[in-house]
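Asks: no sequence for this one, just the structure:
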């Protein structure tokens, strides 16, 4: 107030506005190019964060169009509402769309926008305070108090500081619900021993490792089949087609010899097989299974699709087959860092949404997860399928026993992992 710490100059403020406006255009361009990224953007931003009026209009219309947004649909919607000129015109929209970067930049850009908004508001409050003090006739302390209160409110509603009392109460309520059997227990599998000793609870992050052709994908498919008996699951496959996945599930759930499903010309089905196929087809068609077999789906889009499914209705499991094949854009980084980042993001998704997240991983010859140890470090539960010895080894379990073998293995001639009687 004594002039020793001046308000940011107009030149400084103009530079901030220019940078924020560019960030606004980048955000809008990303959402036009990748509509699935809108959930991440809307989680971090609101229309109030946009300074330039054309960009604020575009944000509102992009959000309203949702998954149907494109340069053409956006221009049509704005034209119908007589808002195209206010939004900068058709050429402006086309320029923004062609300048789009990857959706992985959304958190950084969103931080730029929220920071710029807070700076603008702080500058406005400071100017109002100086104007009030210079004008006289007001209580200086009251003016300063009001300004401080308004400054303290900037950014409120963005991040809530955790309240330990609420956290403890929620945990005890969850515990009571689990004891009474009224709370979601996570994944109830076909294997009683696993349910008892390695329960896959809500928000679990599970890594299933194994050498090539050890049955990782088959075991994950059995888990998904159990989930969709009463729930919903998302299966992201970077190795198998959806056709292969569905044939495997038809075999598993219908009890049909897999050779009859994969080689039907050589192995004819019996009338009983056909009846079972029709019934299993009907049940599977009505299930809550979502299969994604596009190998170009990167980790950002994968998580956006997962959040979209969670927003529609509770998702009971998300499976990724397998981590080392998931694309990610981290220019200049090595594969170890890329896989580690993928693991951290999937772990964050499980905590954020409460969805049990199951990630498959190849193993090196020494038994470590391939390309990055972060998968094993991040995992709440780490299982190793031992095709040579039979069984599934529990390498790690944060809240339970570890370093023991589950007597579960693939039954010959089937696509099922079964629990064997203890010898």
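Replies: Yes, it's here. Just so it is clear, the structure is predicted and the values come from calculations on it, not from any experiment.
Asks: what segments of the stretch 51-200 of the chain are helices?
Replies: With DSSP state H, counting those that start in this stretch, the ranges of helices along the stretch 51-200 of the chain come out as 53-65, 71-80, 90-98, 106-135, 140-152, 164-180, 192-197.
Asks: the first one vs helix 71-80, what angle?
Replies: Okay, so that is helix 53-65. Helix 53-65 and helix 71-80 are oriented at 110 degrees to each other (axes from the mean of the first three to the mean of the last three Cα atoms, to 10 degrees).
Asks: tell me the buried residues in helix 53-65?
Replies: Counting neighbours by 16 or more other Cβ atoms under 10 Å, one finds that the buried residues in helix 53-65 are 54, 55, 56, 57, 58, 59, 61, 62, 63, 65. Where you see a C-beta, it was placed from the backbone N, CA and C, and this is true even at glycine.
Asks: which one among the residues you listed gets closest to residue 336?
Replies: Nearest to residue 336, judged by Cβ to Cβ, of the buried residues of helix 53-65 is residue 62 at 36.3 Å.
Asks: in this structure the closest one contacts residue 27, no?
Replies: No: when contacts are counted by Cβ atoms under 8 Å, residue 62 is not listed as touching residue 27 (9.1 Å).
Asks: for the one helix or strand residue 340 maps to, what is the distance to the chain centroid?
Replies: Under the criterion of DSSP states H and E, residue 340 resides in helix 335-353. Put simply, helix 335-353 sits 9 Å off its chain's centre (Cα atoms, centre = their mean, to the nearest Å).
Asks: which helix or strand lies directly C-terminal to that helix?
Replies: Using DSSP H and E, the helix or strand that follows helix 335-353 towards the C-terminus is strand 357-362.
Asks: what's the helix holding residue 340 in contact with?
Replies: 203-205, 299, 303, 306-307, 310, 315, 318, 320, 323-324, 326, 328, 330, 333, 355-357, 359, 371-372, 374-375, 378 (Cβ atoms under 8 Å, 6 or more residues apart in numbering).
Asks: if you count neighbours, what's buried in it?
Replies: Using 16+ other Cβ under 10 Å as the test for burial, helix 335-353 gives 338, 339, 340, 341, 342, 343, 345, 346, 347, 349, 350, 353.
Asks: could you dump those residues into JSON lines with pLDDT and distance to residue 219 added?
Replies: Formatted as JSON lines, the buried residues of helix 335-353 follow (pLDDT from 0 to 100; distance: Cβ to Cβ, whole Å):
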{"residue": "338", "pLDDT": "86", "distance to residue 219": "25"}
{"residue": "339", "pLDDT": "88", "distance to residue 219": "21"}
{"residue": "340", "pLDDT": "88", "distance to residue 219": "24"}
{"residue": "341", "pLDDT": "88", "distance to residue 219": "26"}
{"residue": "342", "pLDDT": "90", "distance to residue 219": "21"}
{"residue": "343", "pLDDT": "91", "distance to residue 219": "19"}
{"residue": "345", "pLDDT": "89", "distance to residue 219": "23"}
{"residue": "346", "pLDDT": "93", "distance to residue 219": "18"}
{"residue": "347", "pLDDT": "92", "distance to residue 219": "20"}
{"residue": "349", "pLDDT": "90", "distance to residue 219": "21"}
{"residue": "350", "pLDDT": "91", "distance to residue 219": "19"}
{"residue": "353", "pLDDT": "88", "distance to residue 219": "23"}
